[in-house]
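Asker: here's a sequence, model it:
(chains A and B)
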Protein chains: 2
Amino acid sequence: MAKHTPELILTGLELDKNSKRPMYWQLYDGLRQNILTGMLRAGQRLPASREFSTMLGVSRSTVLLAMDHLLSEGYIIGKTGSGTFISNELPEKFLYTSSIKNSNESHDLNAELSKRGKQISKIEISTTPMPEAIRAFQPGLPAIREFPHNIWSRIVTRCLRMISTPNLGYGESIGYFPLREAIANHIRVARAVKCEPEQIIIVNGSQQALDLTARILADPEDIAWIEDPGYLGAKAAFSGNGIKTIPVPVDHEGLNVTAGKKAAPKARIAYITPSHQYPLGVTMSLPRRLQILDWANNNNAWILEDDYDSEYRYGGNPLSSLQGLDENNRVIYLGTFSKVMFPALRLGYIVVPPGLVEVFLRAKSMSDRHNAMIEQLALAEFIANGDFARHIRKMRILYHERQQTLIFYAQKHLKGALHLDPSNAGLHSVGWLTNQKNDKLVSEKARELGVIAPAISAYCMAAKVPSGLSLGYAPFTESEIKTGIELLANIL
Amino acid sequence: MAKHTPELILTGLELDKNSKRPMYWQLYDGLRQNILTGMLRAGQRLPASREFSTMLGVSRSTVLLAMDHLLSEGYIIGKTGSGTFISNELPEKFLYTSSIKNSNESHDLNAELSKRGKQISKIEISTTPMPEAIRAFQPGLPAIREFPHNIWSRIVTRCLRMISTPNLGYGESIGYFPLREAIANHIRVARAVKCEPEQIIIVNGSQQALDLTARILADPEDIAWIEDPGYLGAKAAFSGNGIKTIPVPVDHEGLNVTAGKKAAPKARIAYITPSHQYPLGVTMSLPRRLQILDWANNNNAWILEDDYDSEYRYGGNPLSSLQGLDENNRVIYLGTFSKVMFPALRLGYIVVPPGLVEVFLRAKSMSDRHNAMIEQLALAEFIANGDFARHIRKMRILYHERQQTLIFYAQKHLKGALHLDPSNAGLHSVGWLTNQKNDKLVSEKARELGVIAPAISAYCMAAKVPSGLSLGYAPFTESEIKTGIELLANIL
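Answerer: Got it, this is the predicted structure:
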């Protein structure tokens, strides 16, 4: 027997025959740990495998497997004829640091981010989930509880059962063709969008549409017009990509194009919600639509039309899209299924001029290759079946009723304190505060009582708008709306 | 009756009572079309609603609904006491353009992209789906046909049935906690990754991990080391984000750190696949691992460890991760479920040092808010159930057999022409061509015969490596492998 055997002290090497972890694995772990903590030093010779197996009371094949592995990783080296040794190439500092966790952060890692990483770390964006219970008057949500979940589950289950092998592999970056076809048919009729399925790119909700579009169409330091008050998720996508946002005021005709032209005539992008302005609920007038198309065309600027909830229109037809009016390929149309299906589905789409399909396709592939397939298969079927149209029709009636319920209780309990404009589209209304000047304070007090009612001023960048609250009604029952209003009445 | 009535000529106004499209909608469409094509001119007076309804043979409420809508969009204006007129504010040019499609692209829209948009339009990246039939020896794919799809479907269906309302709404950007917990438990044991669930961010496959990491950690013109030959999807993510890639040669010990330091000592990022180099299949040696960690630590550089297929190891243990050796928070660990589950699932994860969680979270929220929920719920259960570990164990045996089958037939039919190294990990092996110098030509000829065998030189940027083919074996049956080799034998 070789001399060194008695000197070999292995700490913490407890091999447990009853463990699920194979013996060779346990041995490998123990030896590696001993090397890294310095119990086994560089250059030290290990016992021969036969000797080792006797010493540890394990089979020789267990020892050989563990040694093989340490050898392949370079912890030990084998010298022909003279045995196996701990590698000399382990730098000293690794040998005594033991199992310190990664959480050893003596310095601020954020200081080492890229410039754009630092910008991203400063953006204002929600990263938290909804509260366990959805409470009145949380805006921006559809009636999730009324979604025909049984129908949807049946379709998903059928798609899972029938899925073909290619649909489990890597798919088309642009999205599943039958879904794009179904979307094209839907938005051509319902939104007067001029498009072929070939112009539609499937994305993970409108936030990804914004992130891709921002990068493709504008560089850092370029300017984007953004509605003020407006959707902060869009602002975040621009800011996080280094694009300067210029707030442009909104009035009863929508974004004030003249003000935008004055503030930043050479902006590259105008981000607007012409069908149902977020959060004010205004519809952009035709003259303004023509004015912004004209500006974009003269300046080679791009209009991002975010048509997030216009399927729900209660007065007359759904308004036709701005994209449908555009004759010069200046409009990028963003749609989402978060409001007509449910947010956790994470499906949206971009309609781009034919000449831009290729670059959007590459951008999508570069950012995440393509969307998950099962949702795409199921949604294509849900639309083709007519379930989608049926759901929209039902919800349109329900939401209209719920808006009227909201107005009814607001008039009953908050007359004189809160003025609710009937809104002819969407999932929320603005309640203007007639006595209270500080809407943020009201919103805070409401939250303390368990009522969600974001202040309109919270959506403002530079704009001064009257004091008001954004009140979602779509997901709430009459009793929830009634209770919410009664609680608000305690404050107002 | 007013004088103007006979003058009103409405073209194409065919109202169909049997159409599903409501009458008021048909009327609105027709009038709008007439305004836009100039059949109805600016300033022209419309008949009174009663008169109009008689004229068209529709109810007065139909006329009023259509008019209301045109009024709200600004196509017509109402003057008190004098009737309704076509708006004057329609610029002339809109009046005669009719229904020209958006495809009118006289100039190249790509010239108007942002600088980064132009970069994106040039990246080399796959945007196409897999062919209908997966053919030998397509690399980079697991055995999709062997995936326990019935078990997976059952779990998805159960999750759909049990899903709670909050899980249908907007979720956590960082991902579903039980899934992050399951991943942490898995990679701690299987990959020796040091992590808590709090450090794990769920993303859409490793491509999104690359896109987010590139943006957060490097600015345009910064440098990233990239393995040469290497994974082109990573190169695309860097290039598309303006980051310069410096190809660093790979030898039998993995990336040559000394060569990297010589070429670009101040690189911000090193992208490596240390467990199983893509495409060469080499495992990075311990000295190299320590050398790259040391370089990163001295230069405040970041290492992106892409551990894409290391669950499948046939000789000894799975190798432990580079991240597990790092004591200075320099490693970002990227994992994917594309190879252990199936690619269309689009689920991956990033393990970051605790100090970087916040910025990654914001970046994820900014780019697409969060991943779809149903896959996250189902995968958490699939892992917790033990189904995941069982699947890996089964596949490990199957893939090992298939690799041996590949070697067997290669030796039988291609002895002397193709030398196959047994690979101790992953889903593919490299077949070195002993007689043929031009692997791209061989690959092309193979494709003509219906055999997929990408040339190793196709993964090269500046490197000169021997002529070889990347041969995936994981998804193929013995007969597919045999046929593939026999077809290759016709060429070699």
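
Asker: according to the record, where do the domains of chain A fall?
Answerer: A:5-94, A:146-388, A:390-491 (automatic domain parsing).

Asker: which helix or strand contains A:Leu304?
Answerer: strand A:302-306 (DSSP states H and E).

Asker: give me the contact list for the helix or strand following that strand.
Answerer: Going down the chain from strand A:302-306, the next helix or strand is strand A:331-336, by DSSP H and E. Strand A:331-336 is contacted from outside by A:183, A:187, A:193, A:195, A:205-206, A:209-210, A:213, A:217, A:293, A:296, A:302-308, A:321-323, A:347-352, A:356, using C-beta atoms under 8 Å, 6 or more residues apart in numbering or on different chains. (Each C-beta comes from the backbone N, C-alpha and C, glycine too.)

Asker: let's see it at 7 Å
Answerer: A:187, A:193, A:205-206, A:209, A:213, A:302-308, A:321-323, A:348-352 (C-beta atoms under 7 Å, 6 or more residues apart in numbering or on different chains).

Asker: restrict those residues to those near chain B?
Answerer: A:Gly205 (C-beta under 7 Å from any C-beta of the partner chain).

Asker: how far does stretch A:138-156 stretch from start to finish?
Answerer: 29 Å (C-alpha to C-alpha, to the nearest Å).

Asker: now check that stretch, is it near chain B?
Answerer: Yes - Stretch A:138-156 comes into contact with chain B (C-beta under 7 Å from any C-beta), by way of A:Leu141, A:Ile144, A:Arg145, A:Phe147, A:Ser153, A:Val156.

Asker: for the stretch 201-350 of chain A, which residues score under the pLDDT cut-off?
Answerer: Across the stretch 201-350 of chain A, the ranges flagged by pLDDT under 70 are A:316-319.

Asker: quick one: the helices in it?
Answerer: A:205-217, A:232-240, A:257-263, A:286-299 (DSSP state H, counting those that start in this stretch).

Asker: let me know the average pLDDT across the helix of greatest length in chain A.
Answerer: Counting by DSSP state H, the longest helix found in chain A is helix A:387-414. Averaged across helix A:387-414, pLDDT comes to 95.

Asker: any buried residues in it, and which?
Answerer: A:387-388, A:391, A:395-396, A:399-400, A:402-403, A:405-407, A:409-410, A:413-414 (16 or more other C-beta atoms under 10 Å in any protein chain shown).

Asker: look up how far B:Thr165 lies from A:Ile481.
Answerer: 17 Å (C-beta to C-beta, to the nearest Å).

Asker: of these two, who's got more company?
Answerer: Each of A:Ile481 and B:Thr165 has its neighbours counted (other C-beta atoms under 10 Å in any protein chain shown); A:Ile481 has more, 22 against 17.

Asker: what sits up against the host helix or strand of A:Glu375?
Answerer: Using DSSP H and E, A:Glu375 falls within helix A:373-384. Residues outside helix A:373-384 that contact it (C-beta under 7 Å, 6+ apart) are A:152, A:155-156, A:159-160, A:163, A:167, A:171, A:175-176, A:178-179, A:182, A:186, A:202, A:337, A:345, A:347, A:388, B:344, B:372.

Asker: give me the residue at the spatial middle of chain A.
Answerer: A:Gln207 (5.9 Å; C-alpha atoms, centre = their mean).

Asker: show me the contacts for that one.
Answerer: Per C-beta under 7 Å, 6+ apart, neighbours of A:Gln207: A:Gly233, A:Ala237, B:Ser367, B:Asp368, B:Arg369.

Asker: cool, thanks, talk later.
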